[in-house]
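Colleague: A predicted structure for the sequence below; I have some questions about it.
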Amino acid sequence: MDYMKSFPPLSTFVMVGRTRQYTISFLRQYVVVSDVGRTWEDAEAYCNLANVTSPEEGEKVKALLQRDGVEQAWFGLHRDSWVWTDGSATSYTSWLAGQPNNAGGSQGCVYMEKEKWNDFPCTDQYYVLCQSKATLCKNA
Ligand SMILES: [Ca+2]
């Protein structure tokens, strides 16, 4: 996919454990796709929708959205007990005040505005925040 070309170089962290050295290659790199608005389902089909799992990642995506002039973007959270598209649970959240409110009983997907989140109807069309996949490499 073309958007993959715009991912920045990967960052690598080294963590020394008690008995082994681990090299963690953290590949969660974000990209805003702002060619056309998409429904959340179309966005999910188009790319690997972003997880945002810490305040640091929230700040990172906020800066990226601002840089690209995007006010709102779908990302990977949806109402299935609020899990990410890869099925992992949500511990970190950054809801707008009063959200999620499931207004009208039909707000199953989540967009972000700056770093704040709002549940909204999945059929609305927004730009998309994608990510590359995270992997863990271990040197025994
Ligand atoms: Ca809402």
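Modeller: It's in.
Colleague: rest of the way, CA atoms for contacts and neighbours
Modeller: Noted.
Colleague: average pLDDT across the longest helix anywhere in the chain?
Modeller: In the chain, assigned by DSSP state H, the helix with the most residues is helix 55-67. Mean pLDDT, helix 55-67: 93.
Colleague: Stretch 117-125 now?
Modeller: 98.
Colleague: Show me the residue at the heart of this protein, geometrically.
Modeller: The residue lying closest to the centre of the chain (CA atoms, centre = their mean) is Ala50, at 2.1 Å.
Colleague: Need the pLDDT of Ser11.
Modeller: For Ser11, pLDDT reads 47.
Colleague: measure Arg67 to the ion for me?
Modeller: According to CA to the ion, to the nearest Å, Arg67 and the ion sit 25 Å apart.
Colleague: what's the burial count for that residue?
Modeller: A count of nearby residues for Arg67, using other CA atoms under 10 Å, gives 10.
Colleague: From Lys114, how far off is it?
Modeller: Applying CA to CA, to the nearest Å, the value for Arg67 to Lys114 is 11 Å.
Colleague: Identify the residues contacting the closest residue to the ion within the chain.
Modeller: At 4.0 Å from the ion, Asp119 is the closest residue in the chain, using CA to the ion. Listed by CA atoms under 8 Å, 6 or more residues apart in numbering, the contact set of Asp119 reads Gln99, Pro100, Asn101, Asn102, Gln107, Gly108, Cys109, Val110, Tyr111.
Colleague: residues from the protein in reach of the ion?
Modeller: By CA under 5 Å from the ion, the part of the chain that sits against the ion consists of Asn101, Asn118, Asp119, Phe120.
Colleague: Run me through the strand neighbours of the longest strand seen in the chain, direction for each.
Modeller: Longest strand in the chain, counting residues (DSSP state E): strand 30-38. Using DSSP bridges, strand 30-38 pairs in its sheet with strand 126-131 (antiparallel).
Colleague: where does this structure dip in pLDDT?
Modeller: 1-27, 133-140 (pLDDT under 70).
Colleague: May I have the residues that are in contact with Ser106?
Modeller: Phe120, Pro121.
Colleague: And for Lys62?
Modeller: By CA under 8 Å, 6+ apart, the neighbours of Lys62 are Glu113, Lys114, Glu115.
Colleague: Thanks a lot, catch you later.
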